[in-house]
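Q: give me a model of this one.
(one chain, ligands or ions: 1)
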Amino acid sequence: MKQTNEKHAKQKGPLPYATKRNKISSRIREQASAYLSSPKISRKKTPPKDVIKNVEKARTLVLAWLDKNGLRDAVHLGLPEIDDRKNVWRVGLKYPRSSNGNGLVGEVILDAASGDLCQHTEIAIIKSRLLKLAHETDENGVVAGNYEKTKRQSPPPFLPNKIVLGDAAQVLSELPLNSVQLVFTSPPYFNARPEYTEYLDYQEYLDSLRRVFLRCHEVMSEGRFLVVNTSPILVRRISRQTASRRLALPFDLHHVLSNIGFDFVDDIIWVKPEGAGWATGRGRRFAADRHPLQYKAVPVTEYVMVYRKQTEKLIDWNIRTHHDAEAVQRSKIEGKYDVTNIWRITPAHHKDHPAIFPEELVEKVIRYYSFVGDLVLDPFAGSGTVGRVALKMSRRFFLIENEAKYFHNMLKELATVAKTMRQEVLCEPEEALEPNEAGQRELF
Ligand SMILES: C[S@@+](CC[C@H](N)C(=O)[O-])C[C@H]1O[C@@H](n2cnc3c(N)ncnc32)[C@H](O)[C@@H]1O
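A: The predicted model follows:
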């Protein structure tokens with residue numbers, strides 16, 4: 001290229017592209033001077049005067065539009081912002097009861113120059129967003145998930161520590177609503193053999209549990225937990241010609257609880273030391289013959305099923321709005337805890353009761369699912385393990401047992417703990433207790 005130009009310069013003088021450029025620039029110069037000297041055209045273009053000069057004017061116009069559409073009291077305005085590039089004002093529309101940005105329901109855009117409305121969220125969409133937020137907002141006026149400024153709940157009705165001899169469904173029907181903050185229980189055993197069972201059949205057994213859990217649901221505080229320990233029931237064979245069966249109680253009970261209005265939260269597997277299940281006789285046949293299909297696992301686990309009383313509110317709501325902030329602080333679970341759903345716990349035995357909770361299991365459940373000062377209910381109390389542990393963990397308890405011999409044993413054992421803890425315990429019927437020196441029938 002360079003070579004070609006030099007050659008061209010020697011032969012014909014200036015390069016053609018330079019000539020062209022000079023011609024263009026002289027034309028531009030002429031045009032510019034004509035433009036500048038023209039009396040009709042001013043040099044600076046004056047922007048047209050904006051109708052909306054400030055935030056206040058933008059607000060006034062949006063409020064008038066809201067008024068026209070019947071939304072003036074339904075929404076709050078965000079701070080109007082100017083978009084210089086497009087010369088428009090943007091004004092956010094917010095749900096009035098939200099205290100942070102969660103409540104944006106729409107936007108209005110105004111032309112700064114003319115003051116005209118150039119764009120807005122469909123009225124129908126604004127209205128349905130408002131409705132949805134109103135539904136999600138709790139009675140304290142806070143949108144779900146934002147509880148910083150929420151009012152605390154009022155304290156629930158206070159019930160003292162108490163044990164009652166009677167039928168659980170019957171006794172629970174007399175408790176005040178919202179008086180129970182945790183239920184932990186294991187239902188009575190279902191003996192499938194007609195000559196031993198007190199139920200017509202398995203369905204009747206499930207129905208009787210349903211009646212009790214329905215009452216539990218009624219008396220529990222909103223969003224609180226129900227924890228049930230169960231395992232499949234072994235129905236032994238009645239002759240060599242019949243097979244043994246297992247009834248899947250944890251899964252059947254799951255349907256019962258879901259239908260009542262409990263949300264499933266967790267399935268914790270309580271693992272007992274190996275050897276614990278051999279007494280059931282399961283797996284012995286296979287151990288001897290080793291045929292496929294005959295295999296039967298020896299059960300060494302039980303389910304600890306965790307449910308929450310259905311609510312729209314998050315668990316966070318139960319924590320932040322708890323009536324006693326100090327109790328919440330004192331209940332924090334410090335140090336080691338069970339990270340997985342496998343809990344290895346050795347079973348406990350009692351001379352007077354065939355199926356009791358190990359204290360370690362009750363301690364974990366109370367620690368993870370209740371606050372200090374809460375009332376823990378066991379409608380099938382047996383030996384009263386839940387009550388004894390609740391006392392030691394600064395919770396209150398309410399226990400129901402329908403067998404007189406278990407009830408009286410429970411009474412004696414609780415008396416010992418209550419005495420050392422200096423805690424008052426009531427009992428019903430009162431006559432089950434000897435009157436003290438002051439003539440009162442109190443456990444302690
Ligand atoms: C599996 S045991 C509970 C043992 C208890 N978890 C413990 O640690 O001792 C179930 C208990 O429920 C009692 N029970 C059965 N039906 C009942 C009813 N309708 N109302 C109250 N208690 C009942 C039984 O007598 C039995 O003691």
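
Q: is stretch 228-248 positioned near the ligand?
A: No - contact of stretch 228-248 with the ligand (CB under 6 Å from any ligand atom) is absent, the minimum separation being 7.4 Å. (Each C-beta comes from the backbone N, C-alpha and C, glycine too.)

Q: what average pLDDT does that stretch get?
A: For stretch 228-248, the mean per-residue pLDDT is 88.

Q: go on, stretch 282-296?
A: Average pLDDT, stretch 282-296: 89.

Q: do stretch 59-67 as well
A: Averaged over stretch 59-67, pLDDT sits at 91.

Q: and it, C-alpha only, in CSV?
A: What follows is stretch 59-67 as a C-alpha-only set of coordinates in CSV (Å, rounded to 0.1, in the frame of the first residue of the first chain):
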residue,chain,number,x,y,z
ARG,A,59,-46.6,11.1,44.2
THR,A,60,-49.6,13.4,43.7
LEU,A,61,-50.1,12.1,40.2
VAL,A,62,-49.9,8.4,41.2
LEU,A,63,-52.2,9.0,44.2
ALA,A,64,-54.8,10.5,41.9
TRP,A,65,-54.5,7.5,39.6
LEU,A,66,-54.9,5.1,42.6
ASP,A,67,-57.9,7.1,43.7
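
Q: check which residues of that stretch are buried.
A: Judged by neighbour count using 16 or more other CB atoms under 10 Å, the buried positions of stretch 59-67 are 59, 61, 62, 65, 66.

Q: these two touch, right, residue 72 and residue 66?
A: Yes - using CB atoms under 8 Å, residue 72 is in contact with residue 66, at 4.5 Å.

Q: quick check: residue 376 touching residue 182?
A: Yes - taking contacts as CB under 8 Å, residue 376 lies within contact range of residue 182: 4.7 Å.

Q: and those two? which has more neighbours close in?
A: Neighbours per residue, other CB atoms under 10 Å: of residue 376 and residue 182, the larger number sits with residue 376, 28 against 25.

Q: which SSE is that one in?
A: Secondary structure from DSSP states H and E places residue 376 in strand 375-378.

Q: pLDDT on that strand, on average?
A: Mean pLDDT, strand 375-378: 98.

Q: excluding its backbone neighbours, what's nearest the residue of the stretch 251-400 of the chain found nearest the ligand?
A: Nearest residue of the stretch 251-400 of the chain to the ligand: residue 382, at 2.5 Å (CB to the nearest ligand atom). The shortest distance from residue 382 to any non-neighbouring residue, by CB to CB, 6 or more residues apart in numbering, is to residue 353 (5.2 Å).

Q: and the gap between that neighbour and residue 344?
A: 23 Å (CB to CB, to the nearest Å).

Q: more crowded one of those two?
A: residue 353 (18 against 11).

Q: let me know how buried residue 348 is, in neighbour terms.
A: Residue 348 has 16 neighbours, counted by other CB under 10 Å.

Q: do the same with the one 10 residues further on
A: Counted with other CB under 10 Å, the burial measure for residue 358 works out to 16 neighbours.

Q: correct me if wrong: it contacts residue 343.
A: No - counting by CB under 8 Å, residue 358 sits too far from residue 343 to count as a contact (10.2 Å).

Q: near the ligand, which residues of this structure show up?
A: Neighbours of the ligand within the chain, by CB under 6 Å from any ligand atom: 167-168, 186, 188, 353, 355-357, 380, 382-383, 385, 400-403, 406.

Q: which members of these occur in helices, if any?
A: Counted as lying in helices by DSSP state H, out of those, are 168, 385, 406.

Q: looking at the buried residues of stretch 59-67, spot the one nearest the ligand.
A: Lowest distance from the ligand to those (CB to the nearest ligand atom) belongs to residue 66, with 59.6 Å.

Q: can you give me the helices for the stretch 51-200 of the chain?
A: In the stretch 51-200 of the chain, the helices defined using DSSP state H, counting those that start in this stretch lie at 55-68, 123-136, 168-172.

Q: pick the most deeply packed of those helices.
A: The highest mean neighbour count among the helices of the stretch 51-200 of the chain, using mean count of other CB atoms under 10 Å, belongs to helix 168-172: a mean of 21.

Q: check contacts around residue 228.
A: Neighbouring residues of residue 228 by CB atoms under 8 Å, 6 or more residues apart in numbering: 183, 184, 185, 186, 187, 253, 257, 303, 304, 305, 307.

Q: quick one: secondary structure of the last one?
A: Applying DSSP: H, G, I helix; E, B strand; the rest coil to residue 307 yields a three-state assignment of strand.

Q: how about the strands in the stretch 151-300 of the chain?
A: In chain order, the stretch 151-300 of the chain shows strands spanning 162-165, 180-185, 220-230, 233-235, 245-247, 262-271, with DSSP state E, counting those that start in this stretch as the criterion.

Q: and residue 282, how far is that from residue 295?
A: Separation of residue 282 from residue 295 (CB to CB): 10 Å.

Q: identify the residue spatially nearest to residue 82, adjacent ones excluded.
A: Distances taken as CB to CB, 6+ apart place residue 89 nearest to residue 82, at 5.6 Å, with adjacent residues excluded.

Q: touching, the one you found and residue 114? I think so.
A: No - Residue 89 sits out of contact with residue 114 when judged by CB under 8 Å, with a separation of 11.4 Å.

Q: show residues contacting the strand holding residue 376.
A: Applying CB under 8 Å, 6+ apart, the contact partners of strand 375-378 are 156, 159, 179-185, 216, 219, 366, 370, 384-387, 390, 395-400.
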